[in-house]
Structure formats: structure tokens, C-alpha cells
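1. Predicted structure and sequence below. I'll ask about it afterward.
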Amino acid sequence: MLDFEIDKLTDSILNRRSGDSFRTVISLLEKIDLKKVSKSKGWQFDWKYEFSQIDREVYKLAIVDNQNVIQGLISLTIKLDHVFMNLLESAPFNLGSNKVYEGVPGNLVAFSCKLSFQRGSDGFVSFESKTKLINHYIKTLGAFHIGNSLLVIDTNAAKILVEKYFKT
Amino acid sequence: MGIILEPNGVDFVVQSKPLTKKQEIELSEYIAKRKIEIKRQAIQRKSNRKKDKIIIA
């Protein structure tokens, strides 16, 4: 697995109580992190399994000044012509009506677009969506619904997301 | 700096099933087609800008 940090700083998660935004960092999930993101800690998906898959890269989002706490995770597969999003999950405390931070998923999706540009896929990202969220993703991410529950973010939408989230 | 908010009462979670061979092919075809369209649009925009410049000049 590659071992480098990409796109260190964004101002892209918002504390819902204070209204303050916090700079975040996205980096590869490490073995030492696995105990923090287990089902017993309230995470929904099996991130240990994701981490063990050689065709997948798992990234974590954290606040710059508090990097021990993982705010969200994303599992990506680099395909020949795009980046495929296998899983995306916000930390248990960032779910539901009492979530602490807003903006974690959008941040991670923007990151996947940036990675797609960096890996030569022109920003293209695809993922599967729950039916009830398809319209939301079309509206907020600029994604295209290409049939069944499959959505695609193209170069134009990816550029907007990357500009929205990442300082260059 | 923008933040995309989740709709009230909805958590944004992605859990994609692995793509089938058929889906892989359809997706690649769509992406290839869309990449060409986007490149064409970019060329068209450049060409329009050039035309505008000539008219102004």
C-alpha cells in the first residue's frame, strides 16, 4: 500500500453546536487505527476487511488538531478509467440528529474526485446509492444516475467539488 | 469553502456492491462517451471565446 498524505488541509467540517469549522486531514488508514473503527465501537462496516483487500485503498478523515479521532472513512478502488467508491461511513458520533460534525461525507467524496484526477481518471468517480438518496446526490454532488442504483460523478462535477473543498 | 450538508434525518452512507462484469462494461462505455463529450464541450467553449475576441477586435 502506498504511504503518503494527500491534500492536507480543508476547512470542511462544521461543528453543529458551535458553528465553527475545522481544518481536516485525509490520510491512509493504518493498521493501528483498526481497533478504533470496529463494530464494537459503533461503526457499521467491517473496516478490517476493507483494509485487508489489496485492490482497495482506505482513507480516514480527521481534524488537524485532533488526529487521533477518526471522523469518517472511505474505501476506494482505482479502476482503469475511474475511482470506484466501495464504502463511505461517518463516525458513529457524526450520524443521526445529534451528530457532532456536518460535512464529513461531502469532504470524503470530494477527496475521491481529487484522487481520480491525480490517478489520471479525469475526476470520474462511481458509486452505488440507496434509491431514496439518488436525487439528493444528483442535486448536491452533481452526480449522474446511469441506471439501477449506479451514480457517476464526471469531470465537471468533480472540479466543482474539489474547488469547494480543497485548498490548492 | 463550501460544505455539503446531508438532508435532515438522512445519513450519507455508501455501501456499493461489487460491480458485475456487465455493469463494468456499461460504466466504462458511459465514462468513455462522457469524456469525449466533455472534451468536445471544452473545445467548443475555446472556439467560441476566440470568435468573441475576433468580433470585439
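-> That came in fine, so what should we check first?

2. give the contact list for residue A:159.
-> With contact taken as Cβ atoms under 8 Å, 6 or more residues apart in numbering or on different chains, residue A:159 is in contact with A:113, A:123. C-beta: built from backbone N, CA, C; applies to glycine.

3. how about the helices of chain A, start to end?
-> A:47-52, A:104-118, A:134-141, A:155-165 (DSSP state H).

4. Let me fix that, I meant to ask about chain B.
-> B:21-56.

5. deepest of the helices of chain A, which one?
-> Relative to the other members of these, helix A:104-118 carries the highest mean neighbour count by mean count of other Cβ atoms under 10 Å in any protein chain shown, namely a mean of 24.

6. and that helix with chain B, contact?
-> Yes - figure legend: helix A:104-118 in contact with chain B (Cβ under 8 Å from any Cβ of the partner chain); contacting residues A:105-107, A:109.

7. and that helix, what other elements does it pack with?
-> Here helix A:104-118 touches strand A:6-15, strand A:21-28, strand A:57-63, strand A:66-78, strand A:83-90, strand A:125-128, helix A:134-141, helix A:155-165, going by 3 or more Cβ pairs under 8 Å, 6 or more residues apart in numbering or on different chains; DSSP states H and E.

8. give me the low-pLDDT residue ranges for chain A?
-> Low-confidence segments of chain A (pLDDT under 70): A:1-11, A:167-168.

9. closest point of it to chain B, which residue?
-> Closest contact between chain A and chain B, by Cβ to the nearest Cβ, is at residue A:106 (3.1 Å).

10. Great, nothing more from me.
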